[in-house]
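In: what follows is a predicted protein model with its sequence.
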Amino acid sequence: MSRKEKITENTQFRRSSYGVKDIPATLRRGIRMNNTQMRFSLTAATVMVIALILLILFASGRANEITIANERAQILQEATGAERIEMGKKTIELHQEYGTKTLDGKRVVLLQKVGQQKAGNAKSYWVTVCTEADVPAYEAGLGKDKKLILLDSRGDEGLYVTLAKDTEVEKFRKTDENAFFFQLNQRDGEIDLNAVPEEIRGVMGEMMNDVEFISFGYNEDKSIRLTRGTAAEVSSAAGRKNTMRLIRIIVIVLLIGAAAGWAYGLKSTKLAAKGGSAKRTVILASGILAAILIIGLVFTTVQLGSLENERIRVDELTIDTDVARGIETDPEADQSGKYVYTTGAGKTLRTVTASPLESVSGASAYRILEYAAVGVLAVLAFALLYFFRYERDMGFPIFNVVILILLMFITLYPVINTVAYSFNDGTDAARGGIGLLPRKFSTKSYERILSDPDIAQAGFISVAKTIITTVLNLFWTGMLSFALSRREYVLRKFITTLMVLTMYVNAGLIPSYLLISQTLGLRNSFWVYIIPTMFSCFNMIIIRTYILGLPDALVESARIDGAGDFRIYWQIIFPLCAPVLATVALFVAVGAWNSWFDTMLYIPTERSLDTLQYYLKGKLATAGQTSNLANSTVDAAAANAAFSVTQRTVQCATTVVTALPILIVYPFLQKYFVTGMALGSVKG
């Protein structure tokens, strides 16, 4: 064994006496860090890991957003010059009869999604191949006002599309056996060519390949939904992405195994005892395997980014628009900078204007940043293992820190996500994909909730109910707990047992309702919030158990000084019970603040006694109606701008408003949760 190895073996378990600035010297000497150095190193390592993880999430999110934005710009450009086929009042209509050709030479056709209709009255798109001379007979055979719209042609034959009921098509097929109609998929406009007769399959397949269908629909009169990819393409893209994600998970698991082998080679005293060659072999083998797996991790991450871009290109996209109903449009009006879609003849049934979208650059840069951060994070993990190579029992601290960080993220993410949704524009939030920060900041949801003047009355009722309930519950429950904790009280066991039985044997909701509303006459009264909640058997047991843990000498000395039971409780026991009383107060306050069922049950008509939670629950139930306001107003665009909310954003804003008061109160009560305040109260 060399002199260097002997020094390392003798010194690696000694603890350093240096400070934080001397961490490099500690590593050079090959000894353990002290507690100060260890805390600093673990904190710095944790900060670096979290920063890299956040950088990965940010770069990936920004790359996806840019891809989506570019895809919206491309699809909207195609949509503006495309043929549009949609259902009017009685007929289907073709708009912009001269469709454009995309870069790949396909004609773009927009098919409006046919919504849910009554049973037996459902309509769908049908395609057929026929000559121009057959079109009048086909239209007459399908029924009144039916039109066949030409999509593409090959010689004398053309590919036509129409919108009809299943019964209408079947009826026409019986009258003309040579007529072939094939149903288009409502989502992507595809048909099953295997079901097409051999004599027209070839020419029909050629014409179908020259037509690109984009399915479109309307989203609560605030946006349009456009879809280019077929269902098979969407499913295939999602499947390939999931497969690559599984491969990356396997690579990560193997990388963790390689890291464990590398750490074992660095720290194992058994390998050191066998000789330097065995230790070097393990370190070298695990290091080479780790390098290969790090490259595999970066590669799979690159592939996931590429597959995510592919999924975005074929999946459904939402584009913000202004929608108006029943407004006549001047065809000569200046529409520069806007794309205008109109339906109907004469008077416009629907006008959709969507601002032109420009392509955004930078997606590749964010992807490269994401891939680099993934590689650096993997390398950093091995660097930290090498950094802490002289520390014993580091496995549990590292595992503990990682688990706690994951639990913290899992716990905080729903809360932060809820806040982000509540401050996001409702129309934009309907697209989904909101993470830790709002994508389009807006306070409209909070304005929608707080705009009603009744909110102040409901808030006052909730605050009064919470404060009065908490104070009276602590007053009565605390005094009863003290009385039942005195050993000299002969009936304490009987009364305690009798009260505990009420926790196991309950009459149920109906007898409770009859007792409170009819026998006590508390229906439509503020006291229905107070009287049934003034005492809690469970809270009594908690406080009684805490009081039993206090020294009896406190009460005995007070009695010797002439104090009565009431004075002993208020001046001696009550101050010492601050921790348990604060805990019980928080339980009672949270329950009283969040309760809305008692309002629904016992306050059926007196709306001035509604609590804030019941009021907000009503707002949440009607939030979905906000978007329909545009249908009954003249200026729909202004209405949408004033109430740009959705049920999801109102729900999140409701959650924040409801939880905020308790979150404010909790820090002031947290310090009382520390037990043992009675220690040292009795001096020898």
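Out: On my side now, so go ahead. Small disclaimer: the values here were computed from a predicted structure and weren't measured.

In: ok, which stretches of the protein are strands?
Out: Taking DSSP state E as the criterion, the chain carries its strands at 83-87, 92-95, 107-112, 123-131, 149-154, 157-165, 182-183, 211-219, 223-227, 317-320, 322-325, 339-342, 350-354.

In: using PDB, write out every CA atom in the fourth one.
Out: In PDB, the C-alpha atoms belonging to strand 123-131 read as follows (Å, rounded to 0.1, in the frame of the first residue of the first chain):
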ATOM      1  CA  LYS A 123     -75.900  14.300 -39.600                       C
ATOM      2  CA  SER A 124     -72.400  13.600 -40.900                       C
ATOM      3  CA  TYR A 125     -70.200  14.300 -43.800                       C
ATOM      4  CA  TRP A 126     -70.300  11.800 -46.800                       C
ATOM      5  CA  VAL A 127     -68.000  11.600 -49.800                       C
ATOM      6  CA  THR A 128     -68.700  10.100 -53.200                       C
ATOM      7  CA  VAL A 129     -67.200   9.800 -56.600                       C
ATOM      8  CA  CYS A 130     -69.400  10.700 -59.600                       C
ATOM      9  CA  THR A 131     -69.400  12.700 -62.800                       C
END
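
In: now that strand, how far from the centre of its chain.
Out: 42 Å (C-alpha atoms, centre = their mean, to the nearest Å).

In: state the distance from Arg544 to Gly105.
Out: Arg544 sits 84 Å away from Gly105, taking C-beta to C-beta, to the nearest Å as the criterion. Where C-beta positions appear, they are placed from N, C-alpha and C, glycine not excepted.

In: where does the stretch 501-650 of the chain dip in pLDDT?
Out: 619-644 (pLDDT under 70).

In: hey, which helix or strand in the chain has the poorest pLDDT?
Out: Scoring the helices and strands of the chain by mean pLDDT, DSSP states H and E places helix 636-642 at the bottom, with a mean of 38.

In: ok, Leu151 - contacts?
Out: Applying C-beta atoms under 8 Å, 6 or more residues apart in numbering, one finds that Leu151 lies in contact with 83, 107, 109, 127, 158-161, 207, 211.

In: can you check the pLDDT for it?
Out: The score at Leu151 is 81. That number is its pLDDT.

In: how confident was the prediction at the nearest residue to it once chain neighbours are set aside?
Out: If you skip the residues right next to it in sequence, Leu151 has Leu159 as its closest partner in space, 4.6 Å away by C-beta to C-beta, 6 or more residues apart in numbering. Model confidence at Leu159, given as pLDDT, is 86.

In: care to break this protein down by domain?
Out: Following automatic domain parsing, one gets these domains for the chain: 3-61+233-314+361-392, 84-229, 447-673.

In: mind putting the ones you listed in JSON lines, distance to Tyr413 included?
Out: Compiled in JSON lines, the domains of the chain are given as follows (distance: least, C-beta to C-beta, whole Å):
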{"stretch": "domain 3-61+233-314+361-392", "distance to Tyr413": "11"}
{"stretch": "domain 84-229", "distance to Tyr413": "27"}
{"stretch": "domain 447-673", "distance to Tyr413": "14"}
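
In: relative to Ile416, which of those domains is closest?
Out: Nearest to Ile416 among the domains of the chain is domain 447-673; the distance by C-beta to C-beta comes to 11.0 Å.

In: just the contacts of Leu151 now: which is nearest Leu472?
Out: Comparing the contacts of Leu151 against Leu472 with C-beta to C-beta picks out Val109 as the nearest, at 70.5 Å.

In: ok, now which ones touch the closest one?
Out: Applying C-beta under 8 Å, 6+ apart, the residues contacting Val109 are 82-85, 99, 151, 161, 189, 211-214.

In: kindly recompute the last result at 10 Å.
Out: Under the criterion of C-beta atoms under 10 Å, 6 or more residues apart in numbering, the contact partners of Val109 comprise 82-85, 94, 99, 149, 151-152, 161, 189, 211-215.

In: same check, this time on Gly362
Out: Residues counted as contacts of Gly362 (C-beta under 10 Å, 6+ apart) are 62-63, 65-66, 369.

In: quick check on it: phi, psi?
Out: Gly362 has phi and psi values of phi 110, psi -10 when expressed as degrees, to the nearest 10.

In: quick one: pLDDT of it?
Out: With respect to pLDDT, Gly362 has a value of 84.

In: quick check: which of the domains of the chain is nearest to Arg439?
Out: With C-beta to C-beta as the measure, domain 3-61+233-314+361-392 is the member of the domains of the chain nearest Arg439 (9.5 Å).

In: reformat the contacts of Gly362 as TSV; add pLDDT, distance to Arg487 and neighbour count.
Out: Putting the contacts of Gly362 into TSV (pLDDT from 0 to 100; distance: C-beta to C-beta, whole Å; neighbours: other C-beta atoms under 10 Å) gives the following:
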residue	pLDDT	distance to Arg487	neighbour count
Arg62	86	68	17
Ala63	88	71	22
Glu65	82	69	17
Ile66	86	74	20
Leu369	91	70	18
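
In: output those in a markdown table; the columns should cover distance to Ser422.
Out: What follows is those, written out as a markdown table (distance: C-beta to C-beta, whole Å):
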| residue | distance to Ser422 |
| --- | --- |
| Arg62 | 22 |
| Ala63 | 26 |
| Glu65 | 20 |
| Ile66 | 25 |
| Leu369 | 30 |
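
In: pretty sure Thr418 sits against Thr655.
Out: Yes. Contact criterion C-beta atoms under 10 Å: Thr418 and Thr655 qualify, at 5.5 Å.

In: Arg544 and Gly105: which is more packed in?
Out: Just comparing Arg544 and Gly105: by other C-beta atoms under 10 Å the higher neighbour count belongs to Arg544, 20 against 9.
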